[in-house]
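Enquirer: build me a model:
(chains A, B and C)
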Amino acid sequence: VPCPLITLTTDFGASDPFVGIMKGVIAMRAPAATVIDVSHGVPAQDVRAGALVLKAAAPWFPPGAIHVAVVDPGVGGERRAICVETADARFVAPDNGLLSLAIPPERMLRVVEIADERYMLTPRSRTFHGRDVFAPAAAALATGTPPSALGPPRGDMERLCMPTAARDGGFVHGEVVYVDRFGNLATNVEAAMLPRDVVRVELAGGASLPFVATYDAVARGAALALINSWDVLEIAVRDGHAGAALGLGVGARLTVVGR
Amino acid sequence: VPCPLITLTTDFGASDPFVGIMKGVIAMRAPAATVIDVSHGVPAQDVRAGALVLKAAAPWFPPGAIHVAVVDPGVGGERRAICVETADARFVAPDNGLLSLAIPPERMLRVVEIADERYMLTPRSRTFHGRDVFAPAAAALATGTPPSALGPPRGDMERLCMPTAARDGGFVHGEVVYVDRFGNLATNVEAAMLPRDVVRVELAGGASLPFVATYDAVARGAALALINSWDVLEIAVRDGHAGAALGLGVGARLTVVGR
Amino acid sequence: VPCPLITLTTDFGASDPFVGIMKGVIAMRAPAATVIDVSHGVPAQDVRAGALVLKAAAPWFPPGAIHVAVVDPGVGGERRAICVETADARFVAPDNGLLSLAIPPERMLRVVEIADERYMLTPRSRTFHGRDVFAPAAAALATGTPPSALGPPRGDMERLCMPTAARDGGFVHGEVVYVDRFGNLATNVEAAMLPRDVVRVELAGGASLPFVATYDAVARGAALALINSWDVLEIAVRDGHAGAALGLGVGARLTVVGR
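Expert: Presented below is the predicted three-dimensional model:
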C-alpha cells in the first residue's frame, strides 16, 4: 500500500500550535500518513486567497492525495463540514467556498457532509475544527474509510463568486486576484484568453507594460507582464515588488491590448 | 517498532537555518524518527509564550512522543539542560520553566540533567544547544536510550510563576495570557472555574462582552467571550482581531460576572 | 536502501503554495524521499543570504543528502540550472552563486548543467523552476539517477564575491554579513583568524565590546562579541536585538583588537 499523503492549507500562521496540533491528531489516527504543508500563511479568514492557493497547489500532488483546507471564519456555527471527491483526489474543508476554485463543477464527483461521530473528535470545541473535525476526517480517509462513510451525501457545495475576465474584440479586461510574496500580481486573465498578438497591457492608472516571455526581458526595476507558472497573466517588476512599486493590489483593473 | 515521533517547539523563526539544522542532526542520529513542527514562531526569548504553546500542543500527540522545546535566552550559561518523563511522553528543553506548564508536578515522573557526552555533539557551541544538546538528546531517546542514561537525576525543574485567576463569589478575576495570530485573547480563566450562569465578561476599561457559545452568535465586528479549544475563556471579535480592536494584550485584566 | 533525504532552501516565504508544490512534485517522482526544510525565509531574491544559510546548514545533514536551493531572480532567462557533487552531498540550484559558499572550490567534484528533458517537467514555465526544474532534478537524484545523467559537464559554477576579513598585526578588520532573527550579527571574522588574546571588538561608530564566551557573561541589555555556532565572530546584545539596539546591519564594519 502506498503511504497516504495529506496536504494542509490553512490561515493558522506560524506562531501558534494549531498546525502542529492537527498533525498530532493525524499522527494518532493515521500514523502511516505523510503530511505536506501547502501553506499556513493564507491571510487570516481570507477564504478567497485560500481557495486560490489550493487551486494552484492541488494539481501538483500525486493521485490519491487528501487535501485538508481550513480557512474557517464560520467555525462552530451553521456552516457544514464537507468532503469532496474528484477523480484523483479527496478534499476536506468547511463548506464556505474554500474548495470551489480547486474543484470546478465538472470535476466534482461527490460531496458528503462530515457528520459521523466516529470520524470526529468527541467532544468538539466550537473554535478549532481543524483539530476536531478536519484532521480526524482526513485521517479516516487516509486509513481507508470511504468518503461515503463520513456522512450523508449533499448535492453541491458553496461556490465563491469570482470576478471573471472579459474579451471585447482585441481587448481583454481583467483584474488582479492574488499578490504573492515577491509582489507579483496574478490576474484572472488566463493564458488561453489572450489575443494571438498581445501588443501591451494597460493598467487602470494609464501605465503601459510590455508583454514579454521572461522577467529578464526588461531592465531591472522595470514593470512587465507575462504568463506565470499558473498559466495566468501576471504583472511584475523585474527584481522588484510590483505591488509596492505600482501601488496595486487585489482588485486592480487592467486591459490587455491585442492585435 | 513504531516510528518514534519528535516534536519541535522553538523561537527560531522561519528565516534562519536553525530548525533545519536541528532536523539534520536528528536525521543523522535517528534516521527513522518522524519530526513534527509544533511552532517556531514563539516570540524571541519569550519562555512563557513557549510554555503555553507546548502546554496546548503536547496532549494532542501519540503516546511515546518526544517533545523538544528550545526557547533559551540562557544558552551557554549556567542553566541546565533537562529531560523530563511523564506517563506518556518525554520532553527535552533548557531548565528555565519552558516545560513547566505542559508538565504539572503531579504528572512529572522523572527529571534528569542531560550531561552524558555520548548524547551531545562534541565540541559544543555556547550559542546553539538546539543543535548541540537538545536535538542529539531527542535522537538518543528516539533510538531507545532511556532518559536515565542521559545524565544524573534531578529532584525538580524550574517552574514559571503564572498569574492565576481567582473566584470571588459570583465573580472570576483573570487576565489575558496569550494572543494568537487571529488576535484572539486566551485568558487564564479555565472553563471549570466559571460560574454556572455567566452573565457577561467585563474588561478593565469598562466594556462588557456577551458570553456566547460560538463566534457567529454576535454580529460581525462585535466583541464576545467564549470557551475556546484550550478550554479557557477567550475574548474575540467576530471576523476581526480582538487584540487590535480592543487595544488589549497579555496582562489585560477582566472579570467574569456570574449569577 | 536508506530513505533519500532532500533539503529545501528558498526565498519562497510561507504565504504562497510554492514550497508545497515543490514537495508535491517530489512526492510524485520520488515518493520514498524525505524532505526537510532548511529555510524558506531567505529575503526575496537575496542570493547572498541564501548562500550563507546553505553554507551554515549543509554540513549538518547525513552523507548522501540532496540539497535544493532556489533563490532565483534570473529564472526563465539565461542563467543555467546546475547540479554540483561533493564527496558527501549533491546540490541543485540556479547557477548564480547560490551554492558557492557551501561548496568551496576544493570540495567541488563535478558540475553538470541540468538539461535532460527527462528530468524536468514538460512544458516548463518561465517563472517557477523550483517546480519545473529543481524539484524534478532532486527527485531524479533521489531515485538513483547519477548527476552525470542530468546534462553536460561544466567546468565551474558562478561564485559570489564576498568581503573577506583581513589581519593587520594584532588587529582583524571585518564586517557583518548576516543578521539572524534574534538580531545577532554574524561577521566574516572566522574563529581561526582571531588573535590569541582578544582584548576587545570595536565598532565603526566607536563602541567597544567585550569579547566573551557566553551571552550571560554580560549584564542584560549589554552588547558583547563571541564566537557563535558557525564558528565566526558574532556581535550580540544579551536578551536583546543587537541589530536594532546598535543600529547595525549587513556591511557594518568592525575591528578585533588583539594582543
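Enquirer: now the lowest-mean-pLDDT helix or strand in chain A: how far from the chain's centre is it?
Expert: Here the helix or strand of chain A ranked lowest by mean pLDDT, DSSP states H and E is strand A:166-168, holding a mean of 94. For strand A:166-168, the distance from its own C-alpha centre to the chain's C-alpha centre is 25 Å (CA atoms, centre = their mean, to the nearest Å).
Enquirer: what's the answer for stretch A:12-25, then?
Expert: How far stretch A:12-25 lies from its chain's middle: 19 Å, per CA atoms, centre = their mean.
Enquirer: can you report phi and psi for A:Asp216?
Expert: With angles defined as degrees, to the nearest 10, A:Asp216 sits at phi -80, psi 10.
Enquirer: how many residues are close by A:Val35?
Expert: By other CB atoms under 10 Å in any protein chain shown, 22 other residues sit near A:Val35. Quick note: C-beta positions are derived from backbone N, CA and C, even for glycine.
Enquirer: same thing with A:Arg90?
Expert: A:Arg90 has 23 neighbouring residues, counting by other CB under 10 Å.
Enquirer: direction included, what does the helix or strand in which it is found pair against?
Expert: Per DSSP states H and E: A:Arg90 is located in strand A:89-94. Using DSSP bridges, the strands paired with strand A:89-94 are strand A:65-70 (parallel), strand A:81-85 (antiparallel).
Enquirer: columns mean neighbour count and mean pLDDT on top of those strands, output as a markdown table?
Expert: Listed next are the strands paired with strand A:89-94 as a markdown table, based on neighbours: other CB atoms under 10 Å in any protein chain shown; pLDDT from 0 to 100:
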| stretch | mean neighbour count | mean pLDDT |
| --- | --- | --- |
| strand A:65-70 | 26 | 98 |
| strand A:81-85 | 25 | 98 |
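Enquirer: wait, which of the ones you listed is closest to B:Thr145?
Expert: Comparing those against B:Thr145 with CB to CB, the closest turns out to be strand A:65-70 (34.8 Å).
Enquirer: put the alpha carbons of the closest one into PDB.
Expert: Taking C-alpha atoms only, strand A:65-70 is exported to PDB below (Å, rounded to 0.1, in the frame of the first residue of the first chain):
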ATOM      1  CA  ALA A  65      -3.800  12.900  -2.200                       C
ATOM      2  CA  ILE A  66      -6.100  14.100   0.600                       C
ATOM      3  CA  HIS A  67      -6.200  17.800   0.700                       C
ATOM      4  CA  VAL A  68      -7.300  19.500   4.000                       C
ATOM      5  CA  ALA A  69      -8.100  23.200   3.900                       C
ATOM      6  CA  VAL A  70      -9.100  25.300   6.800                       C
END
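Enquirer: if we can go back for a sec, list the buried residues in the least confident helix or strand of chain A.
Expert: For strand A:166-168, burial by neighbour count (16 or more other CB atoms under 10 Å in any protein chain shown) applies to no residue.
Enquirer: same question for stretch A:153-168.
Expert: Applying 16+ other CB under 10 Å to stretch A:153-168 flags A:Met157, A:Ala165 as buried.
Enquirer: how far does it stretch from start to finish?
Expert: In stretch A:153-168, first residue to last residue: 41 Å (CA to CA, to the nearest Å).
Enquirer: quickly check: it near chain B or not.
Expert: No - using CB under 8 Å from any CB of the partner chain, stretch A:153-168 stays clear of chain B, coming no nearer than 15.3 Å.
Enquirer: after the strand holding A:Arg90, next one along is what?
Expert: Sequence-wise, the next helix or strand downstream of strand A:89-94 (DSSP H and E) is strand A:110-113.
Enquirer: ok, that following strand: who's next to it in the sheet?
Expert: With DSSP bridges as the test, strand A:110-113 is paired with strand A:81-85 (antiparallel), strand A:153-154 (antiparallel).
Enquirer: from chain C, how far out is the residue of the stretch 101-250 of chain A found nearest chain B?
Expert: Residue of the stretch 101-250 of chain A nearest chain B, by CB to the nearest CB: A:Phe128 (3.4 Å). Taking CB to the nearest CB, to the nearest Å as the measure, A:Phe128 falls 20 Å from chain C.
Enquirer: what about the following helix or strand past the least confident helix or strand of chain A, near chain C?
Expert: Per DSSP H and E, the first helix or strand lying C-terminal to strand A:166-168 is strand A:171-179. No - against chain C, strand A:171-179 shows no contacts by CB under 8 Å from any CB, the least distance being 8.6 Å.
Enquirer: give me the helices and strands touching strand A:171-179, please.
Expert: When contacts are defined as 3 or more CB pairs under 8 Å, 6 or more residues apart in numbering or on different chains; DSSP states H and E, strand A:171-179 packs onto helix A:47-57, strand A:166-168, strand A:185-190, strand A:253-258.
Enquirer: now do the first one: everything it contacts.
Expert: So the one you mean is helix A:47-57. Applying CB atoms under 8 Å, 6 or more residues apart in numbering or on different chains, the external contacts of helix A:47-57 come out as A:7, A:9-11, A:38-39, A:42-43, A:67, A:69, A:71, A:73, A:91, A:96-102, A:160, A:162, A:177-178, A:186, A:230, C:16-17, C:20-21, C:24.
Enquirer: now with 7 Å, please.
Expert: If you take CB atoms under 7 Å, 6 or more residues apart in numbering or on different chains as the criterion, helix A:47-57 is touched by A:9, A:11, A:38-39, A:42-43, A:67, A:69, A:71, A:96-102, A:160, A:177-178, A:230, C:16-17, C:20-21, C:24.
Enquirer: ok, the second one next?
Expert: The contact list for strand A:166-168, computed with CB under 7 Å, 6+ apart, reads A:His173, A:Met193.
Enquirer: please identify the pairing partners of it and their relative orientation?
Expert: Take DSSP bridges as the rule and strand A:166-168 pairs in its sheet with strand A:171-179 (antiparallel).
Enquirer: CA atoms only: put the partner strand into PDB for me.
Expert: In PDB, the C-alpha atoms belonging to strand A:171-179 read as follows (Å, rounded to 0.1, in the frame of the first residue of the first chain):
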ATOM      1  CA  PHE A 171      -9.100  43.600 -25.700                       C
ATOM      2  CA  VAL A 172      -9.300  41.500 -22.600                       C
ATOM      3  CA  HIS A 173     -10.400  43.300 -19.400                       C
ATOM      4  CA  GLY A 174      -9.300  41.700 -16.200                       C
ATOM      5  CA  GLU A 175      -8.200  42.300 -12.600                       C
ATOM      6  CA  VAL A 176      -5.600  41.300 -10.000                       C
ATOM      7  CA  VAL A 177      -6.700  38.400  -7.900                       C
ATOM      8  CA  TYR A 178      -3.600  37.500  -5.900                       C
ATOM      9  CA  VAL A 179      -0.400  39.100  -4.700                       C
END
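Enquirer: what mean pLDDT does that strand have?
Expert: Mean pLDDT, taken over the full extent of strand A:171-179, equals 97.
Enquirer: what about stretch A:250-259 and chain C, touching?
Expert: No - remark: stretch A:250-259 sits outside contact range of chain C, by CB under 7 Å from any CB of the partner chain, the gap being at least 13.3 Å.
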